[in-house]
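Chemist: the following comprises the amino acid sequence and a computationally predicted model.
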Amino acid sequence: MNTTPTADRSALVVGATGIAGGAIVDQLLAEGGPVTGLARRPGPEREGLRWVAADLTSAEELSRALADERPTHVYFTAWLRQDTEAENIAVNGGMVRDLLAALRPAPLAHVALMTGLKHYLGPFEAYGQGPMPDTPFREEEPRLDAPNFYYAQEDELFAAAAAQGFTWSVHRSHTVLGHAVGNAMNMGLTLAVAASISRHTGTPFVFPGSETQWNGLTDMTDATVLAEQMIWASTNPAGADEPFNIVNGDIFRWRWMWPRLAAWFGVEPAAFEGQPRPLEQQMADAGPVWAEVVARHDLVEPDLGRLASWWHTDADLGRDIEVVTDMSKSRLAGFTTHHRTLDSFLALFERYRAERLIPSFD
């Protein structure tokens, strides 16, 4: 990739303990540049990484915590889910506004904002219910006629860029596969835990989602691919002042993927049969079972709630709409990274097993 020399780049990663933020930190550290991670609570100490702790919902706390920070590049990956979309807009738009206001004295060159495909699908309250653009989704599609906190975040970014003179990019990911613990949107670890419970109990690994998802085409986003694109856009003229979709580049059907995930865990896959079988129902009484798995295999995280986000995986796999994303824009601009989603899943499972977050049944 054609990037700005690391000596000229000082990076601030917002949401650095999350799936996407952690992947950005990993790549920036690998490139050798100084990295500051911003989160409510600091993550693990690492060489080259400095932590700043702040509550993103407090303008006063952000102003105080960032008073002496002078980043050139900001990577914003944080969000907080609220009960209504109006609250989502107020809180999540406000976080972008207040963070960038706190960084007015900084010599900002570029701010990269992570959003997602709800830009095309609609907000939680009207998800996939109104008119939507045809798939594959393309960046030039107009906004939907519905309140959406992604639009609010974009508008705060655009306003700050115009006032403060930096360039921007927006990165619209699909379901993100990556490493994190305690994350509310973690399909990779959620499925790994569900499959581990199936192996422990000797029961089939039941697909929880809809017929549309089982049979239709879909795609996903590896956090490392997202990180690469955000860094590429922030350091390459072709990425300036542009929105980009970001997925792995392959497409698949869950009826193809599910048996392959099951095979890695040595469990029997169970296909879609008649109606969705949500994980929230399948795993309603899984706490004591997980305690048995932890004890038998000497795992490090007994709190099932920190590992599995049943509701989010159910929402993704329960959709009755096709979700496929066009990547032509960034490909033509020079971003060519491509991953196979099966490999993303299996590499993630290997990492979680090595960290003793899921068991090895060998």
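Modeler: Sure thing, it's come through. Since this is a predicted model, take the numbers as computed values, not measurements.
Chemist: report the buried residues of stretch 239-253.
Modeler: Neighbour counts over stretch 239-253 (16 or more other CB atoms under 10 Å) mark Gly239, Ala240, Glu242, Pro243, Phe244, Asn245, Ile246, Val247, Asn248, Gly249, Phe252 as buried. C-beta here means a position set from N, CA and C on the backbone, and glycine is covered the same way.
Chemist: now do the same contact list for Pro212.
Modeler: Residue 212: Thr, not Pro. For Thr212, the contacting residues are Arg319, Asp320, Ile321, Glu322, by CB atoms under 8 Å, 6 or more residues apart in numbering.
Chemist: who wins on neighbours among those?
Modeler: Arg319 (19 neighbours; other CB atoms under 10 Å).
Chemist: and that one, that's in a strand?
Modeler: No: under DSSP: H, G, I helix; E, B strand; the rest coil, Arg319 falls outside any strand and is assigned coil.
Chemist: what sits against it?
Modeler: Shown in contact with Arg319 (CB under 8 Å, 6+ apart): Tyr127, Gly128, Gly209, Ser210, Thr212, Gln213.
Chemist: and for Asn248?
Modeler: Counting by CB under 8 Å, 6+ apart, Asn248 has contacts Asp219, Met220, Thr221, Asp222, Val225, His338, His339, Arg340, Thr341, Ser344.
Chemist: show me which of those residues are buried.
Modeler: Looks like the contacts of Asn248 have Asp219, Met220, Thr221, Asp222, Val225, His339, Thr341, Ser344 buried, using 16+ other CB under 10 Å.
Chemist: rewinding a little: pLDDT for the contacts of Thr212 - can I get that in CSV?
Modeler: As requested, those are arranged in CSV below (pLDDT from 0 to 100):
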residue, pLDDT
Arg319, 91
Asp320, 92
Ile321, 91
Glu322, 91
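Chemist: and the contacts of Asn248, which of them are in helices?
Modeler: Counting by DSSP state H, the contacts of Asn248 place Val225, Thr341, Ser344 in helices.
Chemist: what's the closest of these to Val96?
Modeler: Within the ones in helices among the contacts of Asn248, the smallest distance to Val96 is 22.9 Å, found for Val225 (CB to CB).
Chemist: so that closest one touches Phe335, yeah?
Modeler: No: taking contacts as CB atoms under 8 Å, Val225 lies outside contact range of Phe335: 9.3 Å.
Chemist: now do the SS call for Ala159.
Modeler: The local conformation at Ala159, judged by three-state DSSP, is helix.
Chemist: pLDDT wise, what is it at?
Modeler: The model reports Ala159 with a pLDDT of 98.
Chemist: before I go, just wanted to say thanks for your time.
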